[in-house]
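> Mind looking at a prediction? Sequence and model below.
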Amino acid sequence: MTTERREARLRREFAQSYPSLNPDVWEPATVITEKVIAWRLLHRVAEMFHWDRVLNPEHFEFRGRPDGRPNPPSRSTDAGE
C-alpha cells in the first residue's frame, strides 16, 4: 500500500505511556505529534523529546515518506504496475 503522507501508530506495548492515543491506529504523524506535545505540556511532563524527535521510534511505527511524496516501488519489477 502506498500512502502520500507520513503516518504513525503507537505500538500497543507502550500505550500506558501515551494515554491520549489509541494504540494500533494509523493517523497522520503530524496529528499524533501535536497530541503528544499537547499532552506533555498539559501534564507538565519534563521529557519533551526523544533526542531530536517527539515520537520515539521505539514506541511508534511509521509508514509513508516524510516529504509527502508517494513511496517508490520496493522492487524494480514493480515500476510498471
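That came through, no problem.
> So what sits opposite Arg53 in the bridge?
In this entry, Arg53 is beta-bridged to His50, by DSSP bridges.
> From Pro28, how far out is it?
Distance from Arg53 to Pro28, counting by CB to CB, to the nearest Å: 16 Å. Backbone N, C-alpha and C define where each C-beta goes, glycine included.
> So between the two, which is more surrounded?
Pro28 (14 against 10; other CB atoms under 10 Å).
> hey, what's that one bridged with?
Glu7.
> Let me see the contact set for it.
Arg5, Arg6, Glu7, Ala8 (CB atoms under 8 Å, 6 or more residues apart in numbering).
> What separation do you get for it and Glu13?
Distance of Pro28 to Glu13, computed by CB to CB: 22 Å.
> so how far is Leu10 from Lys35?
To Leu10, Lys35 is 10 Å away according to CB to CB.
> again with Gly64
Taking CB to CB, one finds Gly64 at 16 Å from Leu10.
> Of those two, which one has the most company?
Just comparing Gly64 and Leu10: by other CB under 10 Å the higher neighbour count belongs to Leu10, 23 against 20.
> List the buried residues in stretch 27-37.
For stretch 27-37, a neighbour-count test (16 or more other CB atoms under 10 Å) marks Ala29, Ile32, Thr33, Val36 as buried.
> which sections of this protein are below the confidence cut-off?
1-4, 45-52, 67-81 (pLDDT under 70).
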